[in-house]
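# here is my input; please provide its structure:
(chains A and B)
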2 protein chains.
Amino acid sequence: MRIILDGMGGDYAPDAIVEGAVRSLPDLPKNWDICLVGKEDMLRKSLKAFGYTGDRISIENADEVITNDDAPVRAIRRKKQSSIVIGLNLVKAGKGDVFISAGSTGALLAGGLLILGRIRGIDRPTLATLYPVIGAEPSLLTDAGANAECKPRNLLEFGMMGSVYMEKVLDRPNPTVGLINNGSEEEKGTPLTKKARKYLAKSSLNFIGYIESRDLQTPAADVIVTDGFTGNALLKLTEGMGLMMLREIKKLFRSSAVSKLSALLVGKQLIAMKNQLDYREYGGAPILGLRSAVLKMHGSSDATAVYHTILKAVPYVEQDVVGIIENSVRSGGVKSVMETVDQEEKSEETSAHSLGNGK
Amino acid sequence: MRIILDGMGGDYAPDAIVEGAVRSLPDLPKNWDICLVGKEDMLRKSLKAFGYTGDRISIENADEVITNDDAPVRAIRRKKQSSIVIGLNLVKAGKGDVFISAGSTGALLAGGLLILGRIRGIDRPTLATLYPVIGAEPSLLTDAGANAECKPRNLLEFGMMGSVYMEKVLDRPNPTVGLINNGSEEEKGTPLTKKARKYLAKSSLNFIGYIESRDLQTPAADVIVTDGFTGNALLKLTEGMGLMMLREIKKLFRSSAVSKLSALLVGKQLIAMKNQLDYREYGGAPILGLRSAVLKMHGSSDATAVYHTILKAVPYVEQDVVGIIENSVRSGGVKSVMETVDQEEKSEETSAHSLGNGK
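Residues are numbered from 1 along each chain as shown, chains lettered A, B, ... in the order given. Down below sits the predicted model:
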């Protein structure tokens, strides 16, 4: 098994990427190796700096780099020699089992769609992110921003794909799935959430209904389903609240001699609590719904984040998340749920109509 | 000037409402009085309990109560003797200048629309809530949940109405207006936010562009514009994060003798910080865009919240927020901005089209 690792993506590339790769080797199963993609001279130099001389890390040269300033689709089409395009093509050609990158999210999504392609029957792949819950295991939030606008079927797909990932990669059997809404009562919601709720309720998922963002820290559900605009807003607010807490705690502890003593006593724990809220610390976010496994790391990932993401890639591939999603769709998952709900609604309308006529 | 105060709405009615009213009297301008609407015997008893015998609080009997379980529009149509319907009708008839209630938000919105009516030229009234910012003055978030689905023009209206309220009631001249988006770059966003951004940028408001929820605690802007689904999600997450902080701080301080000492030192300040995050503590939220002033209080409002809301009603009425909004619309505000942007877009399309033809 082989990890294709983008050596050029992210704020601290290539060194943080290379360091993370080197550190992961002892913990990677023996039949796994890593192929770094990027400017060969830079990557070689960095490998040398971290003292790696073994043969479990290979290098594939890529002369170009896609940056966050590049328009994603255009960059994928034009920068054929970029680490993202070459890396995704290696996976497509069967020369790797998973692609990991800390590069541009937009380019990864566009490249995933254009190069790897969607799983047949999935309308929209999703970026799923671990949502930090203080004092508990994280939830999986899908969509985290890849799809700002969604149709009801997309939310059903997100719930299904997120459940598979939660169960197989994060070891949480029969994960609960909740749908973000502006109220927990059935009559609340937008046409999008109302229809999606029906789809999810009819599916084989462990769907617990509408959840409100107030409950995300309780935690509310293993898998949190929402459109990418709302998901993005919730993630970023959580991050912003963490930063605010840090700022205020520092202010508090600086305010008097008495509180300086407190800073020594509980300051570290409070700051650790803030750090837990930083979703970037959780490392890789899978892009689900593509024909191969892809993990997106935050742009500011350090070697530790890279290390953790690499280890996540193992169950992602070995548990065959992509294959299970393919089977769920093939065995009628998404489509049959949608058809059942739509037919029921149609027959309700018809009977309401005939009742009306019979008056 | 007269405040029409719903004596029956909220979890602690009538006592918390009556107590808040009695406490507000010394701080209310001399030409203001209060009319309590609700079951007369209960209100009289409560007034007596708080020792009030003066003539600045009158009572208007209302035998029915609309609860949160009532379907809003239906309740407004059928419960003609409810405190909300009678109270709003008093304002409509000119027998009061502002209606304040801690009752059902849905019923207040429906009643506002059906009884008071919209300001001509305003498509959708908005519920605007003070958004708590730790260590700084609050922002005003509009829409806070009244309109789960919005058109671009609604976001322009929210920004305009929110600015007037911020300037006139909260004394913040020339308030900055920011639009929540999933990225600060112009090309980011949904069709809704992209179009609304153009409208807002063309308006006379102090528009600072897209803002991300990450920055809400910095604070990002005086007036935060978003659709009601996102606004609701952001408010409730902020509240949930506050509850989580309280839970974790308690846990931390309980964990050892050392941290029990810290609890004595900084515990109170940390809990005060959490309390600041509870948007319910801020009291009244105006419903803007109706033909009269309406303030909605949180259902769990205590006497202090009622007191603060009553005092907010004074500048809301005396500064003529409703009149200023009416004038802004009449002098072409919303409509002319929309028309200018739409015309510009049309002419851009036309020229692009003729360029295409000329190839």
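
# name the SS class of A:G121, please.
What DSSP: H, G, I helix; E, B strand; the rest coil gives for A:G121 is coil.

# swap in A:S300?
Put simply, A:S300 is coil when judged by three-state DSSP.

# so how far is B:D215 from it?
Computed with Cβ to Cβ, to the nearest Å, the distance linking A:S300 and B:D215 is 17 Å. (Each C-beta comes from the backbone N, C-alpha and C, glycine too.)

# neighbour-wise, which of those two wins?
Shown here are A:S300 and B:D215; by other Cβ atoms under 10 Å in any protein chain shown, B:D215 has more neighbours (18 against 14).

# residues touching A:V18, list them.
Contacts for A:V18 (Cβ atoms under 8 Å, 6 or more residues apart in numbering or on different chains) come out as A:G7, A:L36, A:L43, A:S46, A:L47, A:A49, A:F50, A:Y52.

# you'd agree A:E326 is in a helix?
Yes. A:E326: assigned to a helix according to three-state DSSP.

# and it, what's its pLDDT?
We have a pLDDT of 93 for A:E326.

# could you report the neighbour count for the closest residue to it other than its chain neighbours?
Counting by Cβ to Cβ, 6 or more residues apart in numbering or on different chains, A:E326 lies nearest to A:I119, which is 5.3 Å off, once chain neighbours are set aside. Neighbourhood size, A:I119 [other Cβ under 10 Å]: 22.

# which residues touch A:I119?
With contact set as Cβ under 8 Å, 6+ apart, A:I119 has these partners: A:G289, A:L290, A:R291, A:V322, A:I325, A:E326, A:V329.

# scan these and report the most crowded one.
Busiest of the contacts of A:I119 [other Cβ under 10 Å] is A:G289, holding 29 neighbours.

# how much space separates that one from A:M160?
Remark: distance between A:G289 and A:M160 (Cβ to Cβ) = 10 Å.

# for A:R214, what are its contacts?
The neighbourhood of A:R214, defined by Cβ under 8 Å, 6+ apart, consists of B:K236, B:L237, B:E239, B:G240, B:L243.

# return the distance of the nearest residue to the second one once chain neighbours are set aside relative to A:A107.
Same thing as B:L237. When the adjacent residues along the chain are set aside, B:L237 lies closest to A:S213, with 3.9 Å between them (Cβ to Cβ, 6+ apart). As for A:S213, its distance to A:A107 is 30 Å (criterion: Cβ to Cβ).

# around chain B, which positions in the stretch 1-150 of chain A sit nearby?
Contact residues (Cβ under 8 Å from any Cβ of the partner chain) of the stretch 1-150 of chain A with chain B: A:I134, A:G135, A:G145, A:A148, A:E149.

# quick one: which of those residues is nearest A:L252?
Lowest distance from A:L252 to the residues of the stretch 1-150 of chain A next to chain B (Cβ to Cβ) belongs to A:I134, with 18.3 Å.

# relative to A:V306, how far out is that closest one?
With distances taken as Cβ to Cβ, A:I134 is found 24 Å from A:V306.

# pretty sure A:S139 contacts A:T226?
No. Shown here, A:S139 and A:T226 do not form a contact pair, counting by Cβ atoms under 8 Å, at 11.4 Å.

# give me the element A:A148 is part of.
Under the assignment given by DSSP states H and E, A:A148 is not contained in any helix or strand.

# neighbours of it, how many?
Per other Cβ under 10 Å, the neighbour tally for A:A148 reads 21.

# swap in A:M338?
18.

# quick one, strands of the stretch 251-359 of chain A?
Taking DSSP state E, counting those that start in this stretch as the test, the strands found in the stretch 251-359 of chain A are A:285-288, A:293-296.

# of all those, which one is nearest B:P72?
B:P72 lies closest, by Cβ to Cβ, to one member of the strands of the stretch 251-359 of chain A: strand A:285-288, at 39.1 Å.

# ok, and what's touching that closest one?
With Cβ under 8 Å, 6+ apart as the test, strand A:285-288 has contacts from A:108-109, A:112, A:125-130, A:142, A:144, A:146, A:161-162, A:164-165, A:169, A:293-298, A:316, A:321, A:325.

# please tell me how far it is from the chain's geometric centre.
Strand A:285-288 sits 4 Å away from the centroid of its parent chain (Cα atoms, centre = their mean, to the nearest Å).

# can you show me the CA trace of it as PDB?
Extracted C-alpha coordinates of strand A:285-288, given in PDB (Å, rounded to 0.1, in the frame of the first residue of the first chain):
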ATOM      1  CA  ALA A 285     -10.300  15.800   6.500                       C
ATOM      2  CA  PRO A 286     -11.500  13.200   4.000                       C
ATOM      3  CA  ILE A 287     -13.000  14.200   0.700                       C
ATOM      4  CA  LEU A 288     -15.700  11.500   0.500                       C
END
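
# what mean pLDDT does that strand have?
On average, strand A:285-288 scores 97.

# stretch A:137-155 now?
On average, stretch A:137-155 scores 95.

# now do the buried residues in that stretch.
The neighbour-count check on stretch A:137-155 (16 or more other Cβ atoms under 10 Å in any protein chain shown) flags A:138-148, A:150, A:152-155 as buried.

# end-to-end on that stretch?
This stretch, stretch A:137-155, spans 23 Å end to end (Cα to Cα, to the nearest Å).

# and for stretch A:15-34?
Length of stretch A:15-34, first residue to last, Cα to Cα: 15 Å.

# now do it: distance to the chain's middle.
Distance of stretch A:15-34 from its chain centroid, counting by Cα atoms, centre = their mean, is 21 Å.

# and for stretch A:244-256?
Taking Cα atoms, centre = their mean, one finds stretch A:244-256 lying 32 Å from the centre of the chain it belongs to.

# re earlier: what's the overlap in contacts for A:G289 and A:M160?
Common neighbours of A:G289 and A:M160 are listed as A:I325 (criterion: Cβ under 8 Å, 6+ apart).

# wait, a strand at A:T53?
No. In this structure, A:T53 is coil, not part of a strand, as judged by three-state DSSP.

# can you pull the phi/psi pair for it?
phi -130, psi 10 (degrees, to the nearest 10).

# again, but for the one 4 residues further on
Main-chain torsions, A:I57, degrees, to the nearest 10: phi -120, psi 120.

# so the residue in the stretch 51-200 of chain A positioned nearest to chain B, which state does it fall into?
Closest contact between the stretch 51-200 of chain A and chain B, by Cβ to the nearest Cβ, is at A:N182 (4.2 Å). Under three-state DSSP, the three-state class of A:N182 is coil.

# and the nearest residue to it once chain neighbours are set aside, what element?
In space, and not counting its chain neighbours, A:N182 is closest to B:N232: 4.2 Å by Cβ to Cβ, 6+ apart. Here B:N232, judged by DSSP H and E, is contained in helix B:228-254.

# what comes up buried for that helix?
Residues B:228-246, B:248-249, B:252-253 are the ones in helix B:228-254 that count as buried (16+ other Cβ under 10 Å).

# between that helix and helix A:228-254, how many degrees?
Here the directions of helix B:228-254 and helix A:228-254 differ by 30 degrees (axes from the mean of the first three to the mean of the last three Cα atoms, to 10 degrees).

# just name the shakiest helix or strand of chain A by mean pLDDT.
Among the helical and strand segments of chain A, the one scoring lowest on mean pLDDT, DSSP states H and E is helix A:257-262, with a mean of 64.

# okay then, goodbye and thanks.
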